[in-house]
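Trainee: model the structure of this input:
(2 chains)
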Amino acid sequence: MIKICHLYPDLLNLYGDRGNVIAFQQRCRWRNIPVEVHEVSIGEALYFEQYDFVFLGGGSDREQNLIAADLMRWREELKDAVEKGLVLLAICGGYQLLGKYYLTRAGENMPGLDILDFHTRAGDRRLVGNVAIETSLGGEPVRLTGFENHSGQTYLGNIRPLGKVLSGKGNNGKDGREGVLYKNVFGSYLHGPLLPKNARLTDHLISLVLKRKGRQDTLKPLDNTFEDRACAVMLRRMGLL
Amino acid sequence: MKINLFCAVVTGRMVALASRLSGHGGSSLPGLVAGKIYHRCLHDLAGQVRKGIIMVTGTNGKTTTTNMIAGILEKARFKVVANYEGANMASGVTTSFIMKAGLSGKIDCDYAIIEVDEASVPGVMKELNPEIVVITNFFRDQLDRYWEIEKVVGVIRDALNKYGYANLVLNADDPLVAQFGRITRLPATFYGIGRHGQSTATSTRTREAKRCPFCGAALVYDFFHYGQLGNYRCAECSFKRPEPGLVAMDATVTDKINCRMVYNGDEAQLAIQTTGIYNLYNALAAFATGLQLGIDAAVILSGLNRYRPVTGRMENFDYRGKPVFLILVKNPTGFNEGLSALFFNQRKKDVFIAINDNDADGKDVSWLWDVDFEILGNGQQFFNSFLCTGKRGEEMAVRLKYAGVPQDKIAVDPDMPSAVKKILDGPGKQSYFFSTYTALRQVHGILEALIAGGNKK
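Mentor: I've put the predicted structure just below:
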């Protein structure tokens, strides 16, 4: 049984990010891999060792602050789980939260969970639009597409990005990097949501989960016609196909 | 006569004529040009309205509510200016006035009733002083443009407090709207719907406003109508659904709406020829506005009875005896309400969905994942086929697949005319067409042509 933990689904629910959980879950089901989703919200106890895949989305500013405070209680446990290879996907505000701090426009320093080596600064203008990036999954280059909408600009320290920007802004609109990748932690600004149409990334995450559970079998291939076409439409529009 | 107003109006009229001749129905361009020629154009035109200006804002139901209020006022024999076509940014509002004005810039009208896009409220309120402001509801809508709901609420609150002398007409059932009774200094009347057969104990997943806007504690509900609309109270502080002065009791919503309207110790039976609980809210908003203006209830009711849906607001057609529906979809809540119509009867349906991602549709299509398409996956016996089209038709196909609709029932056809024809001629007993804003006009045009051709034979 694969156990998914959807963190704060009632609060971090902007931009259809729940689609990531739906995609992960469905692609398991279509392969007859048993899967269940646990929704965990503010004030509830969190035991990361119980879960195989954790999803953390983005929310509005007010909700983001509530969550930061709540999640801080589990900071040590989360850091420990990440070091042990927990498969985690964090999008937008959830991604920012994993870093050292967020510097607001007023100069206020909002501490992050300080699990990964990066920080975020409020920018002057929002970075909004379609994005395509190239990443590497299992040694193969894969292009991912999505939509970004963030005012925070993220700067990575001694840590690698999820991919390089082919079109769009990415982490900060300056250094051509998008997202973060550390062990089995994937952080990204890409909404869309990210997983449904980028099926190879979803399958990569499922493989990582199965590997951690000691199963080495390769995933049964699925028909990805719709997913690939949806990506191709955007790649073509961005002049990449 | 003001020479600059004259120039602005004449030029605006010429732009309107030119864009009509070139086949573009663009309704905001004339106002935009006129406003550039004379920046007080809207102010001067609106200033001539004799009795008052009524402004309607909120996420869903603006166009329908505006049309219903206009219908009531016309029934009461007033002369009315309204922006019927949903052109609701400042420039579209200006166009509506220009088209009603004589070339001299004179307007002969008792009431102006205008729908205003939430983000345009400050700009429009600066130019005209509404006597009544109606707020319908707040849902997540085109977030890449407006960001978060709290910001939208804040923008409207600030505009009302800065420029307003208006009476507010507010939806009591939406905590996001009802809070305006407190966060502004303006007098307010409320409308709402009582518990009825389709009220539920829980709501769909994408509900907004789970927490009290004043203290942040959880809101507790007796029942929901849809989204966050229902009978709520804060678990901690004194915030709760205000007692509405106008309530719809014993509502039944099938392919038409019936209910008992209770107000000021009086009551009346309402029957309207359109469907969806959201349209009952629109009728309530219009009814409450009519009462506020001192119009007789009998006149209000007969105005509402005459209401017929306009383009894409659950517009219905007949194609060789087959019922065909066209529904504009702009955001998750509206789409959810539209989907619920698919379950009113057991007949098999063919479903068309056109998704564009132009500016007016919202460039980010991720909102499709906040729509509960999962109900389609669970109700497959009602459906033959789903055909997706528009600039992001492929994305829509992915969404349906992950909602559990079998892949062999889903197809993508980027060619709009061919897609419309396939669904119209589908084997189902009914055809449903869902479309985002910028595809709507095209879909509507193709539908009308095919239906006219098909019914002749």
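
Trainee: would you map out the domains in chain B?
Mentor: B:49-86+B:107-305, B:313-456 (automatic domain parsing).

Trainee: per-residue confidence for B:Glu85?
Mentor: Looking at B:Glu85, its pLDDT reads 60.

Trainee: one more: the one 5 residues further on?
Mentor: If you check B:Ala90, the pLDDT there is 78.

Trainee: in this structure it contacts B:His39, no?
Mentor: No. B:Ala90 lies out of contact with B:His39 (Cβ atoms under 8 Å); the separation is 11.0 Å. Every C-beta, even on glycine, is put in place using the N, C-alpha and C of the backbone.

Trainee: ok, how many other residues are close to the residue of chain A found nearest chain B?
Mentor: Residue nearest to chain B within chain A (Cβ to the nearest Cβ): A:Gly16, separated by 3.0 Å. For A:Gly16, the neighbour count with other Cβ atoms under 10 Å in any protein chain shown is 27.

Trainee: which residues of chain A fall in helices?
Mentor: Assigned by DSSP state H, the helices in chain A fall at A:18-29, A:61-72, A:75-83, A:93-97, A:194-197, A:199-212, A:225-237.

Trainee: and the lowest-mean-pLDDT helix or strand in chain A with helix A:75-83, angle?
Mentor: Scoring the helices and strands of chain A by mean pLDDT, DSSP states H and E places helix A:61-72 at the bottom, with a mean of 83. Angle of helix A:61-72 versus helix A:75-83, following axes from the mean of the first three to the mean of the last three Cα atoms, to 10 degrees, is 80 degrees.

Trainee: quick check: the gap between the residue located most distally from the centre of chain A and A:Arg121.
Mentor: No residue in chain A sits farther from the centre than A:Ala106, which is 27.3 Å out by Cα atoms, centre = their mean. Noted for A:Ala106: a distance of 12 Å to A:Arg121, by Cβ to Cβ, to the nearest Å.

Trainee: cool, and B:Ile423?
Mentor: Here B:Ile423 is placed at a distance of 49 Å from A:Arg121 (Cβ to Cβ).

Trainee: around chain A, pick out the residues from chain B.
Mentor: B:140, B:143-144, B:147-150, B:205-206, B:210, B:363-370, B:391-392, B:394-395, B:397-399, B:401-404, B:407, B:410, B:412 (Cβ under 8 Å from any Cβ of the partner chain).

Trainee: take the residues you listed and keep only those in helices.
Mentor: Reading helices off the residues of chain B next to chain A with DSSP H, I get B:Leu143, B:Asp144, B:Ile149, B:Glu150, B:Glu394, B:Glu395, B:Ala397, B:Val398, B:Arg399, B:Lys401, B:Tyr402.

Trainee: between those residues, which is closest to B:Cys259?
Mentor: Nearest to B:Cys259 among those: B:Ile149, at 28.4 Å, using Cβ to Cβ.

Trainee: which strands or helices does the helix or strand hosting B:Thr438 pack on?
Mentor: For B:Thr438, the host element (DSSP states H and E) is helix B:437-456. Packing partners of helix B:437-456 (3 or more Cβ pairs under 8 Å, 6 or more residues apart in numbering or on different chains; DSSP states H and E): strand B:313-319, strand B:322-328, strand B:349-354, helix B:416-424, strand B:430-435.

Trainee: can you tell me how far A:Ile91 is from A:Ser188?
Mentor: Taking Cβ to Cβ, one finds A:Ile91 at 6 Å from A:Ser188.

Trainee: list residues touching both of those two?
Mentor: Common contacts of A:Ile91 and A:Ser188 (Cβ atoms under 8 Å, 6 or more residues apart in numbering or on different chains): A:Leu194.

Trainee: near chain B at all, the longest strand belonging to chain A?
Mentor: Longest strand in chain A, counting residues (DSSP state E): strand A:118-137. Yes. Using Cβ under 8 Å from any Cβ, strand A:118-137 reaches chain B at A:Val128, A:Gly129, A:Asn130.

Trainee: most neighbours of all those residues, which one?
Mentor: The most crowded member of those, judged by other Cβ under 10 Å, is A:Asn130 (19 neighbours).

Trainee: which residues does that one form beta bridges with?
Mentor: A:Asn130 forms beta bridges with A:Phe147, as assigned by DSSP bridges.

Trainee: quick one, what contacts it?
Mentor: A:Thr145, A:Gly146, A:Phe147, A:Ser167, A:Gly168, A:Met234, A:Arg237, A:Met238, B:Lys363.

Trainee: who touches the spatially most central residue of chain B in this structure?
Mentor: In chain B, the residue lying closest to the centroid (Cα atoms, centre = their mean) is B:Gly61, at 2.5 Å. Residues counted as contacts of B:Gly61 (Cβ under 8 Å, 6+ apart) are B:Thr136, B:Asn137, B:Tyr278, B:Asn279, B:Tyr281, B:Asn282, B:Ala285.

Trainee: repeat that for B:Val405.
Mentor: B:Phe373, B:Leu376, B:Gly377, B:Gln380, B:Phe383, B:Phe386.

Trainee: and the last one, what are its bridge partners?
Mentor: Which is B:Phe386. With DSSP bridges as the rule, B:Phe386 is bridged to B:Val351, B:Ile410.

Trainee: pick out the residue of the stretch 351-457 of chain B closest to chain A.
Mentor: B:Trp369 (3.0 Å).

Trainee: circling back to that earlier point, just checking, what packs against the least confident helix or strand of chain A?
Mentor: Using 3+ Cβ pairs under 8 Å, 6+ apart: helix A:61-72 touches helix A:93-97, strand A:109-111.

Trainee: let me see the contact set for B:Asp222.
Mentor: By Cβ under 8 Å, 6+ apart, the contact set of B:Asp222 is B:Arg195, B:Gly230, B:Asn231, B:Tyr232.

Trainee: for B:Ile300, state which of these is nearest.
Mentor: Nearest to B:Ile300, judged by Cβ to Cβ, of those is B:Arg195 at 24.0 Å.
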